[in-house]
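Enquirer: model this:
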Amino acid sequence: MNILHKLTGRSPVDETALHYIWLSLACGFSSPAARELISAFHGADAVYDASDFSGRTDIAESVRKRLEDKNLDEAREIYKACRRSGTGILTYESDLYPSRLRTITNPPAVLYYKGRLTNLDREPCVAVVGTRSLSEYGAHVTEWFAYEMAKSGAVIVSGLAKGADGTAHRAALKAGGYTVAVLGTAIDKIYPIQNEGLFADIEDRGLILSEYYPSCRTTAGSFPERNRIISGLCLCTLITEAGMTSGALITARSAVSQNRDLYAVPGNVTSPGSDGTNHLIQSGAECVTCPAQVLEKYVPYFPSALRITSSAYTYG
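Expert: Numbers count the residues shown, from 1 in each chain. Coordinates of the predicted model:
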């Protein structure tokens, strides 16, 4: 046990975590600058120790000024808030920070989490997203795909929003599977409030992630920002039902830009709620009509984790 812990009864402060929180504040959310600096200096500790960023022409002047300000007060307050609320801190160089996420252009320097953290690199993670206004057809499709994929061993990743996201999370839990919710709000902010019970269930049996620290003020733009994390964590993204204005199409574009597989479930051609998924298929997304079609490609890479159920081939 650390001598400071023995004398004070308190755990020592993780200085590296403080520096990553500081770096995330300096660079801003969803900025590629954090990854570029981490790569160039080999970690946030070295970035913090550096004094001259004038040669970094790839970084905005406003970011350079914040990097030169070494005040850690705000980072310390965030760190303390995490301690008080039982919120975990996962930094870019943490062992359990998902490697898939490190490959995207603008990975979060810090992820805050609640729930049961596992090594997601060893899991076949599948993003399941769609419209907030599911039709009866969309609800059935989303539940079937998420349930059978979770039953088959896939980790279901979504955004805890109303509609397709909540349906996917509930189906995964119903199947006895593991699900990951990526928030577009602060880690301690439940939105929508109707999903308070679902939040608690995922915290108990799955994992909740956010790049936004406790009590962080977020905006409507935070939800599109988080979509890159949903797709970045996963091998593939499945869009179950979406209109042309659905935020799920932002996740689809993120998946494509991250070189992830993209799948879409076809919908009624007379329904505006299916225009988005049908357009994705027309534009090159792989059309899938059963959960097994999503998972078959990944079985050879996760032979011990994936066992496709017979009911993943036929609905009903």
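Enquirer: from here on, contacts and neighbour counts on C-alpha atoms
Expert: Fine.
Enquirer: so where do the strands sit in the protein?
Expert: For the chain, strands defined by DSSP state E occupy the ranges 88-91, 110-115, 125-129, 155-158, 179-182, 207-210, 236-239, 261-264, 286-287.
Enquirer: hey, which of those strands is tucked in deepest?
Expert: Mean neighbour count (mean count of other C-alpha atoms under 10 Å) peaks for strand 125-129 among those, with a mean of 30.
Enquirer: show me what that one packs onto, helices and strands only.
Expert: strand 155-158, helix 164-174, strand 236-239 (3 or more C-alpha pairs under 8 Å, 6 or more residues apart in numbering; DSSP states H and E).
Enquirer: mind listing the helices for the stretch 151-300 of the chain?
Expert: Ranges of helices in the stretch 151-300 of the chain, per DSSP state H, counting those that start in this stretch, are 164-174, 196-205, 222-232, 248-257, 275-282, 291-295.
Enquirer: list the buried residues for the second one?
Expert: Pointing back at helix 196-205 there. By neighbour count on 16 or more other C-alpha atoms under 10 Å, the buried set for helix 196-205 is Leu198, Phe199, Asp201, Ile202, Glu203, Arg205.
Enquirer: just name the closest of these to Arg122, please.
Expert: Arg205 (17.8 Å; C-alpha to C-alpha).
Enquirer: okay but that closest one is in contact with Val180, surely?
Expert: No. Judged on C-alpha atoms under 8 Å, Arg205 makes no contact with Val180 at a distance of 9.6 Å.
Enquirer: let me have the buried residues of helix 196-205 in CSV, extended by pLDDT and distance to Arg260.
Expert: Below are those laid out as CSV (pLDDT from 0 to 100; distance: C-alpha to C-alpha, whole Å):
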residue, pLDDT, distance to Arg260
Leu198, 98, 28
Phe199, 98, 27
Asp201, 98, 29
Ile202, 98, 25
Glu203, 98, 27
Arg205, 97, 27
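Enquirer: return the member of these nearest to Ser271.
Expert: Looking across those and measuring by C-alpha to C-alpha, the closest to Ser271 is Leu198, at 29.2 Å.
Enquirer: how about the contacts made by that closest one?
Expert: Contact partners of Leu198, counting by C-alpha atoms under 8 Å, 6 or more residues apart in numbering, are Gly166, His169, Arg170.
Enquirer: got any ranges where the stretch 1-150 of the chain has weak pLDDT?
Expert: Across the stretch 1-150 of the chain, the ranges flagged by pLDDT under 70 are 1-11.
Enquirer: show me where it has its helices.
Expert: 3-8, 15-27, 33-41, 44-49, 61-68, 73-85, 99-102, 136-151.
Enquirer: would you mind putting those helices into a markdown table with mean neighbour count alongside?
Expert: Output for those, formatted as a markdown table (neighbours: other C-alpha atoms under 10 Å):
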| stretch | mean neighbour count |
| --- | --- |
| helix 3-8 | 10 |
| helix 15-27 | 22 |
| helix 33-41 | 19 |
| helix 44-49 | 19 |
| helix 61-68 | 15 |
| helix 73-85 | 15 |
| helix 99-102 | 18 |
| helix 136-151 | 23 |
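Enquirer: among those, which is nearest Ala255?
Expert: helix 99-102 (11.6 Å).
Enquirer: okay, Arg66 and Ala248: tell me how far apart.
Expert: 34 Å (C-alpha to C-alpha, to the nearest Å).
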